[in-house]
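> with the input below, show me the fold.
(one chain, ligands or ions: 1)
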Amino acid sequence: MTGIPFSHVTRKDIELGADNEKIFQRGLDYFKSHAVSRITLEDSTLHGRVRGSYDTYSVEITDTNGKLSYACSCPYEGSGCKHIVATLLTFLDQKEEILAKAHKNQTATQTLSEKLQLLDTTELIELLLLSLKNHRDWKQILLKTVIKKLEKKGDRSNITDIYEQQFRQLIDRVSEILTEHNEYGGGSESEQDEAFELLDDIVELFKQQKLTQQLKLELIDKLFFFYDWNNSGMEDMLLDTIYDVCEISTDWKYVIKKLSKTKDEYKSELIQKIKKEKLKENNSV
Ligand SMILES: [Zn+2]
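Here you go, the predicted model:
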């Protein structure tokens with residue numbers, strides 16, 4: 001009954017999977033007009049690209065032990081849209097070919113896996129490091145994975161330098177975004193969100209005491225550099241981050257020192273507020 005994913009699917013299943021009869025008919029029309037431009041089977045997920053009247057949609061259908069679950073990027077809110085129907089009908093039509101191709105790919109992956117097992121650890125590490133070179137996101141993922149493994153082993157002293165690497169990785173990307181946004185007086189919202197998330201990750205690292213005091217001061221220096229540049233539109237976010245990493249009075253005094261560098265009324269107010277609220281000094285001026 002289960003066996004090779006999707007091999008059990010029948011036209012009747014597709015009809016039943018459609019949200020209603022009308023949707024099935026529309027999906028059938030799409031299939032007949034060859035609207036499904038690409039279809040691939042990977043493990044137990046069928047991926048399809050379907051041209052609609054306004055846009056092209058991505059369909060993903062997963063076979064879990066014979067039970068199909070659907071996802072489509074179109075706005076239709078019912079369970080099985082016409083794009084899913086069209087993808088499944090296209091699959092039925094090209095079944096032999098698609099399954100053969102999936103099998104071939106699987107065999108290729110298996111062969112590669114067998115060959116990789118012939119390499120020794122040093123060679124594998126070399127390969128891994130080579131793959132990191134131009135893939136920043138991949139490096140973040142790798143660092144996170146390595147840290148998780150090391151944390152599980154419980155030896156914290158072994159991880160300190162990896163935490164620092166993670167910190168540098170995050171701050172480098174933040175700096176890149178902030179430089180660009182300062183140069184152009186702003187930038188894309190998605191990059192702003194990205195910077196916000198990265199800064200959040202950095203604050204979290206400090207809150208969990210994973211980074212040294214020296215790195216904290218380095219971070220404050222860097223953020224003040226961009227804060228004082230004052231052209232990114234992200235100044236509030238920078239100041240919030242600076243405040244978020246401050247814990248002890250030394251931190252706050254350092255922030256006061258940075259704020260005192262240039263005379264301006266707003267900064268003087270900030271300094272007074274820090275003195276009053278964070279350092280519990282009652283005397284003004
Ligand atoms: Zn759809």
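
> any idea which residue is closest to the centre of the chain?
Closest to where the C-alpha atoms of the chain average out (C-alpha atoms, centre = their mean) is residue 137, at 7.8 Å.

> that one sits in which helix or strand?
If you go by DSSP states H and E, residue 137 is part of helix 136-153.

> residue 18 and the ion, how far apart?
11 Å (C-beta to the ion, to the nearest Å). C-betas here are computed from N, CA, C, even on glycine.

> just the pLDDT at that residue, thanks.
Residue 18 is assigned 95 on the pLDDT scale.

> now do the helix holding residue 137: distance to the chain's middle.
Chain-centre distance of helix 136-153: 14 Å, with C-alpha atoms, centre = their mean, to the nearest Å.

> give the buried residues for that helix.
For helix 136-153, a neighbour-count test (16 or more other C-beta atoms under 10 Å) marks 139-140, 143, 147 as buried.

> any idea of the angle the lengthiest helix in the chain forms with helix 136-153?
If you go by DSSP state H, the chain has its longest helix at helix 160-184. Helix 160-184 runs at 150 degrees relative to helix 136-153, counting by axes from the mean of the first three to the mean of the last three C-alpha atoms, to 10 degrees.

> got the residues of the protein near the ion?
Residues of the chain lying near the ion by C-beta under 5 Å from the ion: 72, 74, 81, 83.

> in what helix or strand does residue 99 lie?
Per DSSP H and E, the secondary structure element for residue 99 is helix 95-116.

> what packs against that helix?
With contacts taken as 3 or more C-beta pairs under 8 Å, 6 or more residues apart in numbering; DSSP states H and E, helix 95-116 sits against strand 36-42.

> any idea which helix or strand comes after the strand it packs on?
strand 45-51.

> show me the contact partners of that following strand.
5-6, 30, 35-41, 56-63, 83, 86-88, 90-91 (C-beta atoms under 8 Å, 6 or more residues apart in numbering).
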